[in-house]
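In: Model the structure of this input:
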Amino acid sequence: KLTALFSFGALALSGCDNFDEMNVNKNALQTTNATSYVQPITFGLEYALLERSFDVNSQLMQYTVQAQTQAERIYNYRFNNSIINYFWQNIYRWAGNAETMCVQAEKDNDRTGLAIACILKVLTLSHITDAFGDAPYFEAGKGYTEGKFYPAYDSQKEIYRDMFEKLELANELLAEGKDFDALEDYMYDGKVARWRKFGNSLYVLLMRAALKDESDRTGERLDAVSKLNEIFSYPSVYPVFESRADAANVKFDANVNAQYTPFHNVRAGLWNANMICERLMDEMYDSSVGLKDPRVNFYFDKLVGVPTQVTYNELMGYYDTAGHYRRNVIQDRDHFALMNYSELYFIWAEAAYRGWIPGTPKEYYVKAVSEAVCEWTDDASADLTSFLANSRVSLDALDGEEVLERIMTQKWISNYLVGIESWCDYRRTGYPEMPVKALAANDGILPTRLRYPSDEEFRNKTHYFEAVNGWLGGTNNMTTNVWWADHTDKRK
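Out: The predicted structure follows:
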């Protein structure tokens with residue numbers, strides 16, 4: 001079974017040239033039980049997210065700056081289409097497998113398999129809509145199951161409404177679910193209780209729609225704020241992460257080729273070309289105030305950052321002295337998270353700041369930052385007390401919007417190499433500030449979304465143009481806000 005699972009995973013990571021093939025879902029395990037899809041989907045999705053987090057999210061959100069001679073410099077908001085195609089095609093591939101898993105579970109009357117398939121479908125397609133905005137959702141992945149090869153684009157608000165409904169259903173089904181074969185699930189060893197916690201924690205994460213839902217006067221509201229409070233208030237009904245052991249950590253193995261991290265495929269030249277941005281370094285290491293984040297020796301190989309949005313020649317002046325991702329830690333790490341435990345507490349901290357849940361922002365924030373550090377090191381010598389008391393970390397001297405900015409800045413640091421979460425937070429809140437310089441393209445606006453892949457114009461022509469001429473106003477741009485974005489007046 002191990003061989004079958006990882007052979008499938010490796011196959012599914014190969015290229016896909018068009019939406020038809022992707023929607024037919026030829027790589028799915030068509031003749032097996034529903035839970036056999038769990039390991040391939042979780043591993044394959046995280047593999048794809050890590051690749052794009054390493055180059056796209058890292059440069060957009062000023063974790064790194066990549067020395068590139070070609071015009072497509074992501075840190076300057078210039079993308080080649082292959083980067084966008086990869087994200088769209090690979091995430092949809094795993095969404096297609098989740099859809100086939102749903103069909104198999106319904107066929108077998110497998111309530112546990114159906115619940116987990118709902119979670120996985122939400123997990124995959126939330127990345128699509130959060131990156132692109134309106135996108136195929138209700139008909140996505142149904143080429144094989146229903147012959148829908150040219151799926152319609154759906155509004156993000158309605159996508160979120162359905163994702164909430166699916167996570168409600170998953171919670172109900174898993175309340176009476178049965179554990180399944182641990183060999184089908186390296187993340188949670190087939191333990192239904194842990195999947196239920198993840199589903200509800202993902203539900204909380206997707207309450208990123210709450211700010212917009214509160215102010216949106218069009219259509220029926222999602223009542224996201226009241227649901228967030230309900231999940232917080234009734235943990236016996238909606239169990240969520242209770243410790244780092246509950247986090248959605250996808251396992252990798254440096255001794256098994258099929259379980260390598262994607263960083264084993266990164267050439268030394270490309271690795272060294274990714275230099276740590278001074279924006280991140282300045283938040284983690286500042287000798288003038290005695291700040292040295294306990295994670296710096298896990299994140300970086302040198303404590304020197306470089307400026308972003310400069311010319312190639314200027315950047316090369318830092319090549320020999322700049323810090324990089326610490327390869328011996330990152331490349332062979334035995335897990336990376338789809339969602340960390342600390343993220344839940346950062347969400348609670350923001351919710352307390354906004355008055356959505358009881359308690360003070362500080363009590364949740366201190367827990368969030370402490371757990372975020374421990375997600376990288378459990379070294380007992382790490383001095384969290386003095387770190388948390390540092391003026392660059394503590395909330396104590398802050399007031400008003402400064403509190404939110406500090407919460408989101410530390411959340412940004414903690415979501416290093418976690419999908420596109422920090423980009424979502426920035427578009428939602430405007431924090432942390434991301435300085436934009438004269439060399440930046442896209443009208444000097446940090447992209448609000450990714451463009452639809454260029455071949456959608458030919459592969460799914462009718463629905464593509466409906467979307468472009470509709471919510472995008474006629475151009476496939478990177479400046480239109482996705483539905484839940486709420487910080488246009490705060491762009492820095």
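In: quick one: stretch 163-174 to chain centroid distance?
Out: Mean C-alpha position of stretch 163-174 versus that of the full chain (C-alpha atoms, centre = their mean, to the nearest Å) differs by 20 Å.
In: now swap in stretch 61-80 and tell me
Out: Centroid separation for stretch 61-80 versus its chain: 20 Å, with C-alpha atoms, centre = their mean.
In: Which residue ranges of the stretch 351-492 of the chain form helices?
Out: Secondary structure of the stretch 351-492 of the chain by DSSP state H, counting those that start in this stretch: the helices cover 361-374, 384-389, 401-414, 421-429, 456-459, 461-469.
In: Flag every buried residue along stretch 363-372.
Out: Buried residues in stretch 363-372, defined by neighbour count with 16 or more other C-beta atoms under 10 Å: 364-372. From N, CA and C alone the C-beta is placed, and that goes for glycine too.
In: correct me, but Lys302 touches Tyr325?
Out: No - Lys302 is beyond contact range of Tyr325, at 10.8 Å (criterion: C-beta atoms under 8 Å).
In: and for the two, which residues touch both?
Out: Shared contacts of Lys302 and Tyr325, defined by C-beta atoms under 8 Å, 6 or more residues apart in numbering, comprise Ile276.
In: I figured Thr377 hits Phe298, correct?
Out: Yes - here Thr377 reaches Phe298: they are 6.2 Å apart, a contact under C-beta under 8 Å.
In: of the two, who's got more company?
Out: Phe298 (18 against 13; other C-beta atoms under 10 Å).
In: re the thing from before, got TSV for the buried residues of stretch 363-372, with distance to Tyr234 too?
Out: Output for those, formatted as TSV (distance: C-beta to C-beta, whole Å):
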residue	distance to Tyr234
Tyr364	18
Tyr365	23
Val366	24
Lys367	20
Ala368	21
Val369	26
Ser370	25
Glu371	22
Ala372	26
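In: need the residues you listed in JSON lines with distance to Val306 and pLDDT, can you?
Out: As requested, those are arranged in JSON lines below (distance: C-beta to C-beta, whole Å; pLDDT from 0 to 100):
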{"residue": "Tyr364", "distance to Val306": "33", "pLDDT": "98"}
{"residue": "Tyr365", "distance to Val306": "29", "pLDDT": "98"}
{"residue": "Val366", "distance to Val306": "31", "pLDDT": "97"}
{"residue": "Lys367", "distance to Val306": "33", "pLDDT": "97"}
{"residue": "Ala368", "distance to Val306": "28", "pLDDT": "98"}
{"residue": "Val369", "distance to Val306": "26", "pLDDT": "97"}
{"residue": "Ser370", "distance to Val306": "30", "pLDDT": "96"}
{"residue": "Glu371", "distance to Val306": "29", "pLDDT": "96"}
{"residue": "Ala372", "distance to Val306": "24", "pLDDT": "96"}
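In: For Arg326, which non-adjacent residue is spatially closest?
Out: Asp301 (4.7 Å; C-beta to C-beta, 6 or more residues apart in numbering).
In: Quickly note the distance from that neighbour to Asn255.
Out: From Asp301 across to Asn255, the span is 23 Å (C-beta to C-beta, to the nearest Å).
In: So these two - more neighbours on which side?
Out: Shown here are Asp301 and Asn255; by other C-beta under 10 Å, Asp301 has more neighbours (17 against 8).
In: Let me see the contact set for that one.
Out: 323-327.
In: confidence score at it?
Out: Looking at Asp301, its pLDDT is 92.
In: and it, backbone torsions?
Out: As for Asp301, its main-chain torsions (degrees, to the nearest 10) stand at phi -100, psi -20.
In: PyMOL command for the buried members of the contacts of Asp301?
Out: Buried subset of the contacts of Asp301, written as a PyMOL selection, criterion 16+ other C-beta under 10 Å:
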select buried, resi 323+324+325+326
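In: Output the contacts of Asp301 in TSV, with distance to Asp396, secondary structure and pLDDT appended to each entry.
Out: Below are these laid out as TSV (distance: C-beta to C-beta, whole Å; DSSP: H, G, I helix; E, B strand; the rest coil; pLDDT from 0 to 100):
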residue	distance to Asp396	secondary structure	pLDDT
Gly323	30	coil	93
His324	34	strand	91
Tyr325	32	strand	90
Arg326	31	coil	91
Arg327	37	helix	91
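In: out of the contacts of Asp301, which one sits closest to Thr475?
Out: Nearest to Thr475 out of the contacts of Asp301 is Tyr325 (C-beta to C-beta; 35.2 Å).
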